[in-house]
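*Asks:* from the sequence below, what's the structure:
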Amino acid sequence: MKACFLFPGQGAQYPGMAKDFYETSKSVRELFKVASDAASMDLKKLLFESDEETLKQTKNTQIAMVVAEAAAALSAREHGVIPAGSAGFSVGEWPALAEAGIISNYDMFRLVAERGRLMDEAGNRSGGSTMSAVLYLSPEKIEATIAEAGLKQCWIANYNSPVQCVISGTEADISIAEEKLRQAGAKRVIRLKVSGAFHSPIMQEAYEAFKQLVDATTFSDPKIDIYSNVTGKKMKSGTEAKKFASLQIISPVRWIEEEANIAADGFDQCLETGPGTVLCGLWKASGSPIPCIPAGTLDALVSFSL
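*Replies:* Below is the predicted model:
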């Protein structure tokens, strides 16, 4: 069975995630040690002892999610599932890069810890920026509504599905956009609890600082298929992956196109190797007949691999 690992993004985190993998796998425990050394943080304590508020802080969320996702992927391999492809949503693209052999686990954890810190700081310095989910309105209608309203500091950040997107921008422009989008027919517009306007030009400072760290890191050519948030297409080389790794911070996540390209490449199944089932839901909404299976807990993984 040709499988593609899908790694979720920020928002799916919860206290205690990956604890089942940690308790049952020596390799996962070793992975946590590598992550803690690379990030200069006690990640066992962060994932297993923190409360929800602590985990919601971007500087903590991103590294915590990536550790949990890498643990899920490692456990899936230990249960006999060897991926032929990988993709990740936003910060989830980092374990996808490691899974494809583009970067080492150590470099992944080191860079993601800095990514979370820099994006948190950029959001705090922005003077008020945020994000909102827009439900049951097409991406094209959202783009047209923003343009018609003349909003210069509001953009689509996540193209999640044909009926779900996330917008990103200044609090002033987002507030106007929310009302205009409701008037345009959106059934729900939900303000997200985030520390800044991610995947937008407002993250320019974080992008510039992070690019320096990425440029100094070795990126190898992919050993399996891997797909880019920036283009929605397959990454062809380590050079391309390095470019997109930093660009991703200020670029929208083109998940709709990414899903379409994964589906077109003949995978038999996708596994959501990380907390929650958000990507399984988005995959179902894409209309693809290829199954997407939750694999973010040991119970789910054992049930799948039986």
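
*Asks:* which strands or helices does the helix or strand that Asp107 is a member of pack on?
*Replies:* Taking DSSP states H and E as the definition, one finds Asp107 inside helix 105-125. Other helices and strands packing on helix 105-125, by 3 or more C-beta pairs under 8 Å, 6 or more residues apart in numbering; DSSP states H and E, are helix 26-39, helix 58-78, helix 93-99, helix 204-215. All C-beta atoms are positioned from the backbone trio N, CA, C, and that covers glycine.

*Asks:* in that helix, which residues are buried?
*Replies:* By neighbour count with 16 or more other C-beta atoms under 10 Å, helix 105-125 contains the buried residues 105, 107-123.

*Asks:* circling back: nearest to Val253, of the helices and strands packed on helix 105-125?
*Replies:* Nearest to Val253, of all the helices and strands packed on helix 105-125, is helix 93-99, at 8.7 Å by C-beta to C-beta.

*Asks:* now the helices and strands packed on helix 105-125 as TSV including distance to Ala12 and mean neighbour count?
*Replies:* Converted to TSV, those look like this (distance: least, C-beta to C-beta, whole Å; neighbours: other C-beta atoms under 10 Å):
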stretch	distance to Ala12	mean neighbour count
helix 26-39	18	18
helix 58-78	7	26
helix 93-99	13	28
helix 204-215	21	17
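
*Asks:* any chance of those in TSV with distance to Ser132 and mean pLDDT as columns?
*Replies:* Listed next are the helices and strands packed on helix 105-125 as TSV, based on distance: least, C-beta to C-beta, whole Å; pLDDT from 0 to 100:
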stretch	distance to Ser132	mean pLDDT
helix 26-39	30	98
helix 58-78	17	97
helix 93-99	22	98
helix 204-215	20	97
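
*Asks:* adding distance to Lys141, write the ones you listed out as TSV.
*Replies:* Compiled in TSV, those are given as follows (distance: least, C-beta to C-beta, whole Å):
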stretch	distance to Lys141
helix 26-39	41
helix 58-78	29
helix 93-99	27
helix 204-215	28
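
*Asks:* quick one, which of these is nearest to Ala172?
*Replies:* Ala172 lies closest, by C-beta to C-beta, to one member of the helices and strands packed on helix 105-125: helix 204-215, at 18.2 Å.

*Asks:* what's that closest one packed up against?
*Replies:* helix 105-125, helix 238-247.

*Asks:* pLDDT on the helix or strand just after it, on average?
*Replies:* Sequence-wise, the next helix or strand downstream of helix 204-215 (DSSP H and E) is strand 225-226. Here strand 225-226 scores 98 as its mean pLDDT.

*Asks:* what does strand 225-226 rub up against?
*Replies:* 4, 84-87, 96-97, 99-100, 102, 234-235, 241, 265 (C-beta atoms under 8 Å, 6 or more residues apart in numbering).

*Asks:* can you flag the buried ones in those?
*Replies:* Listed as buried from the contacts of strand 225-226 are Cys4, Gly85, Ser86, Ala87, Ala96, Leu97, Glu99, Ala100, Ile102, Lys234, Met235, Ala241; burial here means 16+ other C-beta under 10 Å.

*Asks:* Serialize those residues to CSV and add fields for distance to Leu135.
*Replies:* Below are the buried ones among the contacts of strand 225-226 laid out as CSV (distance: C-beta to C-beta, whole Å):
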residue, distance to Leu135
Cys4, 26
Gly85, 29
Ser86, 28
Ala87, 23
Ala96, 26
Leu97, 30
Glu99, 31
Ala100, 32
Ile102, 34
Lys234, 29
Met235, 30
Ala241, 32
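
*Asks:* ok, so of those, who is nearest Asp37?
*Replies:* For the buried ones among the contacts of strand 225-226, the nearest to Asp37 is Leu97 (19.1 Å; C-beta to C-beta).

*Asks:* what sits against the closest one?
*Replies:* Ser86, Gly88, Ile103, Met108, Phe219, Ile226, Ala241, Ala245.

*Asks:* same question for Met1.
*Replies:* Asp268, Gln269.

*Asks:* with the one 10 residues further on instead?
*Replies:* For Gly11, the contact set (C-beta under 8 Å, 6+ apart) comprises Leu192, Val278.

*Asks:* follow-up on the earlier one: ok, and for the helix or strand following the helix holding Asp107, which residues are buried?
*Replies:* Downstream of helix 105-125, the first helix or strand assigned by DSSP H and E is strand 129-135. Under the neighbour-count criterion of 16+ other C-beta under 10 Å, strand 129-135 has Ser129, Thr130, Met131, Ser132, Ala133, Val134 buried.

*Asks:* measure the last one to Ile262 for me?
*Replies:* Taking C-beta to C-beta, to the nearest Å as the measure, Val134 and Ile262 are separated by 24 Å.
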